[in-house]
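> just the structure for this:
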Amino acid sequence: MNEKIENALVKFLMNTANIDDLETLSDWLKKEENKQIFKSYVRTNYAMDINLNEFKSENAKKQYLRKIREDKGLLFKYRLYRGLKYAAAAIIILGLGHFVYQESFKTSIDTSPVVVGNDISVGKNKATLTLENGSEVELVQGNEYHLQNADSNGEQIVYSSKEQTSNEITYNYLTIPRGGEFLVKLSDGTQVWLNSESKLKFPIRFIDGETREVELVYGEAYFDVSPSTENNGAKFKVVNDAQEIEVLGTEFNIKAYEDEFNIYTTLVEGKVKVNTLTEKQVLVPNQQLKLNITNNLMEVVEVNVKEEIAWVRGRFVFQQKSLKEIAKVLSRWYDVNIEFDSKSLEEVKFNGELSKERDLEGILQLIKNTNYINDYEKRGKQIILK
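Residues are numbered from 1 along each chain as shown. Okay, here's the model as predicted:
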């Protein structure tokens with residue numbers, strides 16, 4: 001193995017490879033003998049043997065090479081901490097279901113299956129649209145729906161950009177259940193991605209020249225706002241019970257779930273002003289405002305926005321998140337309830353990246369393989385970590 005290949009391989013495993021590195025590695029893996037070198041180099045466990053099957057399957061080859069070329073983070077890297085004790089570091093390549101230990105922390109793994117079968121579905125595009133007259137329409141992936149002022153293909157709903165003929169504003173609601181997500185394009189061109197367990201209130205059409213206002217009733221939403229220059233100078237506002245966000249044209253994320261004490265506003269591009277009953281705060285890109293709704297205190301921190309909005313591009317990214325926090329995210333996406341047999345498990349910290357397309361069974365097995373949980377039990381939609 002020459003130095004260029006080795007460097008590309010190391011950077012791939014450390015999730016720092018650029019497109020050139022990935023292309024180099026992809027070309028190198030076209031040779032059968034190199035695939036065997038790769039297997040030896042990363043010292044994989046049974047999951048790799050099952051998934052790759054020594055590359056005898058042509059479909060497995062194609063799938064693997066396609067995964068290598070994806071520049072969206074194929075690795076799930078995590079570190080575990082218990083108090084001040086240093087725990088073993090490991091790397092999980094989730095896109096393929098591989099588990100790789102660093103040389104100094106190599107250990108045995110229990111490969112016996114914990115649960116047979118998989119009746120828990122991965123989340124998908126689905127929503128309930130509540131019309132101005134109170135009637136409800138189920139928007140489901142694969143089905144089309146047409147209204148007088150909007151059309152849906154089951155993955156998104158697009159509202160007409162025709163000019164408002166009256167000054168009366170009528171509203172629709174879009175509610176996303178657990179295990180769902182959806183995109184709505186408002187009449188002004190603003191796009192809103194709604195995460196699981198979220199609800200948005202919005203006008204069917206905005207009044208020309210007047211402030212455009214929507215309400216994130218609860219949940220998480222990513223906004224790509226049509227600029228005021230394209231809407232006769234009209235400002236755009238997002239409100240909820242605890243705060244008001246005023247923008248001129250920008251991209252930002254709001255997380256305001258009903259079962260959490262904090263609201264997180266993360267600015268990707270542009271400029272926003274967050275107003276509460278007692279304070280005002282202007283954010284610049286890469287800043288996140290945390291608002292504690294119990295005491296109305298604000299805190300602004302620098303964040304990695306790509307990690308914060310990874311859910312929009314089909315990824316979960318966890319940086320120093322507790323297993324309890326991770327379980328909450330997984331519960332919403334897979335529509336399950338995850339509980340802990342021991343309180344100490346809740347605070348185990350992880351750094352990692354997961355594909356939202358991965359089945360929950362595989363994720364639970366990977367968590368089990370860390371040896372920080374002994375087992376897990378599945379009772380319908382209830383998961384118990386032990």
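> quick one, helices of this protein?
Applying DSSP state H to the chain gives helices spanning 3-13, 19-28, 32-42, 46-52, 58-69, 305-308, 323-334, 360-369.
> kindly provide the distance from Phe316 to Arg332.
11 Å (C-beta to C-beta, to the nearest Å). Every C-beta, even on glycine, is put in place using the N, C-alpha and C of the backbone.
> more crowded one of the two?
For Phe316 and Arg332, the more surrounded residue by other C-beta atoms under 10 Å is Arg332, and the numbers stand at 24 against 21.
> so for the more buried one, what's the nearest residue that isn't a sequence neighbour?
In space, Arg332 comes closest to Ser196 once its chain neighbours are excluded; the distance is 4.0 Å by C-beta to C-beta, 6 or more residues apart in numbering.
> residues contacting that neighbour?
Counting by C-beta atoms under 8 Å, 6 or more residues apart in numbering, Ser196 makes contact with 123, 176-181, 219-220, 332-333, 335.
> where are the low-confidence patches of the stretch 151-300 of the chain?
163-166 (pLDDT under 70).
> that older thread, report the two of the contacts of Ser196 separated the most.
Glu220 and Asp335 (15.6 Å; C-beta to C-beta).
> of those two, who's got more company?
Glu220 (24 against 19).
> distance check, the more buried one against Val329.
In terms of C-beta to C-beta, Glu220 sits 10 Å off from Val329.
> for Ser161, same thing?
Ser161 is 34 Å from Val329, by C-beta to C-beta.
> count of residues packed around Lys280?
11.
> can you tell me the closest non-neighbouring residue to it?
Lys273 (6.2 Å).
> I'd say that neighbour and Val284 touch.
No: Lys273 is beyond contact range of Val284, at 11.1 Å (criterion: C-beta atoms under 8 Å).
> list the contacts of the residue nearest to Asn149 when sequence neighbours are not counted.
Distances taken as C-beta to C-beta, 6+ apart place Ser160 nearest to Asn149, at 4.7 Å, with adjacent residues excluded. By C-beta under 8 Å, 6+ apart, the contact list for Ser160 reads 149-150, 187, 205.
> do Lys273 as well
Per C-beta under 8 Å, 6+ apart, neighbours of Lys273: 245-247, 280-283.
> let's have these in a markdown table, adding distance to Leu345.
Formatted as a markdown table, these follow (distance: C-beta to C-beta, whole Å):
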| residue | distance to Leu345 |
| --- | --- |
| Ile245 | 36 |
| Glu246 | 42 |
| Val247 | 40 |
| Lys280 | 40 |
| Gln281 | 36 |
| Val282 | 40 |
| Leu283 | 35 |
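> are any of those buried, and which?
Using 16 or more other C-beta atoms under 10 Å as the burial test, the contacts of Lys273 include 245-247, 281, 283 as buried.
> now, which of those lie within strands?
245-247, 281, 283 (DSSP state E).
> and the residues you listed, which is closest to Asp224?
Among these, and counting by C-beta to C-beta, the member closest to Asp224 is Val247, at 10.7 Å.
> quick one: the closest one and Asn275 touch, right?
No: taking contacts as C-beta under 8 Å, Val247 lies outside contact range of Asn275: 11.8 Å.
> find the nearest non-adjacent residue to the spatially most central residue of the chain, please.
Centroid-nearest residue in the chain, with C-alpha atoms, centre = their mean: Trp311, separated by 2.0 Å. Setting aside the residues directly before and after it, Trp311 is nearest to Asn195 in space (C-beta to C-beta, 6+ apart), at 5.8 Å.
> also Asn153?
Glu144 (5.6 Å).
> buried subset of the contacts of Ser196?
When the contacts of Ser196 are checked for burial by 16+ other C-beta under 10 Å, the buried set is 123, 176-177, 179-181, 219-220, 332-333, 335.
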